[in-house]
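**Student:** I would like to see how this sequence folds:
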Amino acid sequence: MVISISRRTDIPCYYTEWLMNRVRAGYAMTRNPMNYNQIRRVDLSPENVDCIVFWSKDPLNLIPYMSELNDMGYKYYFQFTLTPYGNDIERNLRDKCEIERTFITLSEMIGKNKIVWRYDPIIINDTLTVEYHKREFERMTELLSPYTNRVFISYVDIYAKIKSDLIRPISDMDITELNGFIKSVSKIDVRSCCDDGLPKASCIDKELIESIIGKPLPNLKRDKNQRIGCTCCESVDIGVYNTCPNGCVYCYANHSLKSVNNNYSRHDPKNKYLI
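**Tutor:** Got it, this is the predicted structure:
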């Protein structure tokens, strides 16, 4: 079984104490996001978890616990989202220079094969131009290439609930130009989430998981519940929507700041449920 922590919220950044309490207990309780009354007990014992995929924009708070996770026998890797955006786009994140140092520190601790850099999502507007992304991606690939083997990119999806002048549709011409540039200057393997023009990325990657755990997983199948074009394998997510305080204007997982604040206030790190 593969555990996803989490597509729905940034557990490594905000809910580390709860997470460590749950792995020590060996289980967590989750609710189906489409059916509140459908409850599942997720086995988190190292014997039954093949691999954990951590998703985070800033996993600094989890770093002190990595040796404990190693001692317990967990296998894992990180999907680490690191963009050049400021607090107008990603409102509540630390200074990006500090997060870049966290990326490097984490890689030095766990190995570059266990950390995937996500330059994601790419937003283009009057300030975040194609030339801006060219300049910043080239700078960041120079900095981070010694500490990871691959980078995943994607372009922002315009969801109906996203209301911001900072986000606008991206032309095919801009995508083609930027894809070509990124591919030409990247120091590492470049893949794309569901976008044409680059090799396909698998965030929950069977090949990577098998290389990390050192054995094949013949029963690990493609996740049919993800969007069209997604090549991720099946996983169990223990996160909860409407709970991430990062405040990213492009976020699909939060309905509103009010709902996030309400849920966050109901979090108890000692509870078996995240919320």
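**Student:** From now on I want contacts and neighbour counts done on CA atoms only, so please keep to that.
**Tutor:** Fine.
**Student:** Could you find the closest non-adjacent residue to Arg118?
**Tutor:** With sequence-adjacent residues excluded and distances taken as Cα to Cα, 6 or more residues apart in numbering, Arg118 is closest to Thr81, at 4.4 Å.
**Student:** OK, contacts around the one you found?
**Tutor:** The neighbours of Thr81, taking Cα atoms under 8 Å, 6 or more residues apart in numbering as the test, are Trp55, Ser56, Lys57, Asp58, Trp117, Arg118, Tyr119, Asp120.
**Student:** next one: Ser256
**Tutor:** With contact set as Cα under 8 Å, 6+ apart, Ser256 has these partners: Asn242.
**Student:** That one and Asp95: what is the separation?
**Tutor:** With distances defined as Cα to Cα, to the nearest Å, the gap from Ser256 to Asp95 amounts to 24 Å.
**Student:** Val116 now?
**Tutor:** Going from Val116 to Asp95 by Cα to Cα gives 20 Å.
**Student:** again with Ser211
**Tutor:** When distances are taken as Cα to Cα, Ser211 and Asp95 turn out to be 33 Å apart.
**Student:** same thing with Glu108?
**Tutor:** 20 Å.
**Student:** go on, Ile212?
**Tutor:** Distance, Ile212 to Asp95, using Cα to Cα: 31 Å.
**Student:** ok, these two, which is more surrounded?
**Tutor:** Ile212 (16 against 12; other Cα atoms under 10 Å).
**Student:** For the more buried one, which non-adjacent residue is spatially closest?
**Tutor:** In this structure, Ile212 finds its nearest non-sequential neighbour in Lys75, 7.0 Å apart by Cα to Cα, 6+ apart.
**Student:** So what's the residue count around the one you found?
**Tutor:** Here the number of neighbours of Lys75 (other Cα under 10 Å) works out to 19.
**Student:** Quick check: it touching Glu47?
**Tutor:** No: assessed by Cα atoms under 8 Å, Lys75 is found out of contact with Glu47, at 10.6 Å.
**Student:** Look up phi and psi at the spatially most central residue of the chain.
**Tutor:** When the chain is reduced to its mean C-alpha position, the closest residue under Cα atoms, centre = their mean turns out to be Trp55, at 3.1 Å. Here the main-chain torsion angles of Trp55 (degrees, to the nearest 10) amount to phi -120, psi 130.
**Student:** where's the residue nearest to Arg118 relative to Arg24, distance?
**Tutor:** Counting by Cα to Cα - Thr81 and Arg24 are separated by 27 Å.
**Student:** cool, and Asp157?
**Tutor:** Taking Cα to Cα as the measure, Asp157 and Arg24 are separated by 37 Å.
**Student:** picking up where we left off before, how about the contacts made by the residue nearest to Ile212?
**Tutor:** For Lys75, the residues meeting the contact criterion (Cα under 8 Å, 6+ apart) are Asp50, Cys51, Ile52, Ile212, Ile213.
**Student:** Just the ones of the residues you listed in helices?
**Tutor:** Assignment to helices by DSSP state H places the following of the contacts of Lys75 there: Ile212, Ile213.
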